[in-house]
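Visitor: Turn this into a model:
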Amino acid sequence: MTPRKFLIVTADDFGLHEAVNDAVEVASGSGVLTAASLMVAAPAAADAIRRAHRLPALRVGLHLVLADGQAMLEPRLVSALADSNGLMDDRMVLRGIRYFVLPRVRRQLEGEIRAQFRAFADTGLRLDHVNVHKHFHMHPVLLDMLVRIGRDFGVAAVRLPAEPLWFAAEAGGWRAAAASALLKPWAGIMKSRLRRAGLQHNDQVFGIAASGAMDEAVLLRVIERLPGGVSEIYLHPAQPGHRVSASMPDYRHGDELAALLSPRVRAAITAARVPLGGFGDLGQL
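Guide: The predicted structure follows:
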């Protein structure tokens with residue numbers, strides 16, 4: 001029997017910039033956005049938290065940042081992870097190797113993860129889900145820490161970064177398709193780990209191969225071919241005309257916001273009779 005379809009539409013990088021926060025607020029109220037993932041140490045996190053408290057329908061999760069972003073702890077406490085300003089670089093291969101072989105790095109990493117969970121708990125928001133910036137939780141050390149530390153903070157759901165091969169090929173060409181195929185075994189291991197821990201997760205995600213380019217046409221294509229089970233579409237919306245981050249120079253943030261507000265996208269979801277919600281709703285399916 002084909003599993004029932006359910007759709008979660010998430011905005012990542014909530015708190016990175018006020019232009020992102022404004023897009024999340026608008027798309028939650030007038031669009032199809034159902035969830036957002038909060039960067040608790042980002043420059044506009046306080047503004048994001050204020051907005052989230054006045055958006056009761058928005059499901060908010062934690063977007064753990066362990067590369068390419070700001071650490072929560074003071075720089076002296078994470079000197080093996082970040083520079084003197086608390087910034088973590090995006091050299092993920094090197095970071096991944098160090099997480100495996102250096103106990104000092106792992107101790108600091110655990111402290112940083114715990115600090116970000118604690119900062120989210122201090123917001124007073126209900127924790128809908130957890131994911132990791134750039135899907136770094138596919139690293140087994142990070143995943144184990146996320147699961148273990150997350151138990152102390154009531155984690156119930158985690159994003160599974162498993163993108164269908166057809167979408168990767170259409171959106172990103174053969175390189176994206178090859179990457180999706182290579183990562184499939186890791187995603188399978190991750191799924192087994194989450195299930196053993198009793199954590200909810202999506203069955204597939206859309207947004208990796210088209211990161212920063214999830215416009216109206218892409219969303220309509222995903223909805224047209226939406227498989228059974230729980231699907232998550234994630235985007236990086238922002239009000240146009242702002243430089244959100246130096247690490248995303250080519251992202252079409254405004255086009256992604258327009259897609260979330262598109263009457264055609266809403267009509268397609270309605271016509272497909274696919275219910276929308278957050279990870280917190282999965283226990284009721």
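
Visitor: Which stretches in the stretch 151-285 of the chain count as strands?
Guide: Applying DSSP state E, counting those that start in this stretch to the stretch 151-285 of the chain gives strands spanning 204-206, 229-235.

Visitor: Name the residues linked to residue 7 by a beta bridge.
Guide: residue 231, residue 276 (DSSP bridges).

Visitor: Now do the contacts for it.
Guide: 34, 226, 230-233, 269, 274-277 (Cβ atoms under 8 Å, 6 or more residues apart in numbering). For every residue, glycine as well, the C-beta is placed using N, CA and C.

Visitor: Rounded mean pLDDT for the helix or strand containing residue 111, please.
Guide: Take DSSP states H and E as the rule and residue 111 turns out to sit in helix 103-122. Mean pLDDT, helix 103-122: 96.

Visitor: Check which residues of that helix are buried.
Guide: 105-106, 108-109, 111-117, 119-120 (16 or more other Cβ atoms under 10 Å).

Visitor: what comes into contact with it?
Guide: Counting by Cβ under 8 Å, 6+ apart, 38, 40-41, 62, 64-66, 71-73, 77-81, 98-99, 127, 141-142, 145-146, 149-150, 152-153 sit against helix 103-122.

Visitor: Residue 176: what's it in contact with?
Guide: The contact partners of residue 176, taken as Cβ under 8 Å, 6+ apart, are 168-169, 208-209.

Visitor: make it 6 Å
Guide: If you count contacts by Cβ atoms under 6 Å, 6 or more residues apart in numbering, residue 176 has them with 168, 209.

Visitor: So it versus residue 208, what's the distance?
Guide: From residue 176 over to residue 208 the distance is 8 Å, taken as Cβ to Cβ, to the nearest Å.

Visitor: what's the answer for residue 87, then?
Guide: Residue 87 is 24 Å from residue 208, by Cβ to Cβ.

Visitor: okay, those two: which has more neighbours?
Guide: residue 208 (20 against 13; other Cβ atoms under 10 Å).

Visitor: Quick check: chain neighbours aside, which residue is closest to that one?
Guide: Nearest residue to residue 208, sequence neighbours excluded (Cβ to Cβ, 6 or more residues apart in numbering): residue 163, at 4.7 Å.
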